[in-house]
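S.K.: Here's a sequence, model it:
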Amino acid sequence: MLVHVIADYGQGDLAYAEVAQRLIALLPEARLVYTPVPPFATLAAGFCIAQLGLNSPPEGTLIFHNVAPREDDDSEREENAGEKLAFARLKTGALVVGVNAGHVYSFVRDAADELGWAAASDSGSQFRSRDLFPQAAADLLARRRKAKAGTLELKDVPDVPAGKIACTDGYGNLKLTLRREDVPGKDGKAVRVTIGKKEIEAIVSDGSFSVEPGQMALAPGSSGWPLPDGGKVEWLELFLRGGNASEAFGKPASGTEVKVAAKARS
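M.R.: Purely as a prediction, here's the structure:
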């Protein structure tokens, strides 16, 4: 069985090795694939969850995620308490298990057959994703009666925020929470893209190689997924042909606002 682990432990971190060891002890047939995201980047985690969970995952796929900034309560914590463990059974058959923090469930909220709270303690260990959550995931995967602790209401999962950087891939392409209808102008025309204090001209394109080398482009990327109503969502991304868009914009973080405006006529 395929088990995706999406977390902010860091590539090659001991934390991932410990979580992997625990998951394999409980799920001996598991084939683990690790996808790291930046620290506390719940929007990036949610984007990755949807990309993997909504694009024809193999039968029995588990997506185990842990990005827990503990921002649900500003008061003093007792016994390392944090966001509560939740789960989503997607229409594709994939099971998603992880804390309900920030936007981790935002992209899959409306594509789930079931959203719920897992019967797992939210405190008692500083390393909950190793000590507490793997057993809960195994119980949910096996559909044990003790695994669930109630319904996760839609109102408790925020909408996908528009006009943000969701994540940055290994080539420096910036994957955005923007669709083509959110962007002014026709294909082939220039727009002004502002991220932080950087403003760069980009060409609205329909493909990665329809712009000149060295040109910034704003185009449908490789990320998107089918919708329950039969449609499909395609997210735009910023890429610099022959270069690195993230570096060009100063390496902005996940969640940073992106403004796109029509280029003024000269």
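S.K.: List the contacts of stretch 192-212.
M.R.: With contact meaning Cβ atoms under 8 Å, 6 or more residues apart in numbering, stretch 192-212 is reached by 165, 174, 183, 185-191, 215-221, 238-239, 241, 248-250, 252, 256-263. Where you see a C-beta, it was placed from the backbone N, CA and C, and this is true even at glycine.
S.K.: From T177, how far out is the nearest residue to V108 once chain neighbours are set aside?
M.R.: Leaving aside its sequence neighbours, V108 sits nearest to A50 (Cβ to Cβ, 6 or more residues apart in numbering; 5.1 Å). From A50 across to T177, the span is 11 Å (Cβ to Cβ, to the nearest Å).
S.K.: what mean pLDDT does the helix or strand containing A17 have?
M.R.: Assigned by DSSP states H and E, A17 belongs to helix 14-26. Per-residue pLDDT over helix 14-26 has a mean of 96.
S.K.: what residues does it touch?
M.R.: Under Cβ under 8 Å, 6+ apart, the answer for helix 14-26 is 3, 5, 7, 9-10, 30, 32, 34, 36, 64, 66, 127, 129-131, 134-135, 137-138.
S.K.: From these, which land in strands?
M.R.: Judged by DSSP state E, the contacts of helix 14-26 include V3, V5, A7, L32, Y34, P36, F64, N66 as members of strands.
S.K.: what about the fifth one, how many neighbours?
M.R.: Pointing back at Y34 there. Using other Cβ atoms under 10 Å, Y34 is surrounded by 17 other residues.
S.K.: and what of the third one?
M.R.: Close neighbours of A7, defined as other Cβ under 10 Å, add up to 21.
S.K.: And it, how close does it get to L154?
M.R.: According to Cβ to Cβ, A7 stands 25 Å off from L154.
S.K.: can you check the last one too?
M.R.: Between N66 and L154 the distance is 22 Å, computed by Cβ to Cβ.
S.K.: what does A202 give?
M.R.: Distance of A202 to L154, given as Cβ to Cβ: 35 Å.
S.K.: swap in G243?
M.R.: Distance of G243 to L154, given as Cβ to Cβ: 41 Å.
S.K.: So which of those two has more stuff around it?
M.R.: Applying other Cβ under 10 Å to G243 and L154 shows that G243 carries more neighbours, namely 15 against 12.
S.K.: Walk me through the domains of the protein.
M.R.: Following the assignment in automatic domain parsing, the chain carries domains at 2-156, 165-262.
S.K.: Return the most buried member of those domains.
M.R.: Highest mean neighbour count of the domains of the chain: domain 2-156, a mean of 19 (counted as mean count of other Cβ atoms under 10 Å).
S.K.: from the middle of its chain, how far away would that domain be?
M.R.: 12 Å (Cα atoms, centre = their mean, to the nearest Å).
S.K.: do stretch 239-259 as well
M.R.: Using Cα atoms, centre = their mean, the offset of stretch 239-259 from its chain centre is 17 Å.
S.K.: can you pull out the strands in the stretch 51-200 of the chain?
M.R.: Taking DSSP state E, counting those that start in this stretch, the strands of the stretch 51-200 of the chain run over residues 62-66, 85-90, 95-99, 112-118, 148-151, 165-168, 174-176, 190-195, 198-204.
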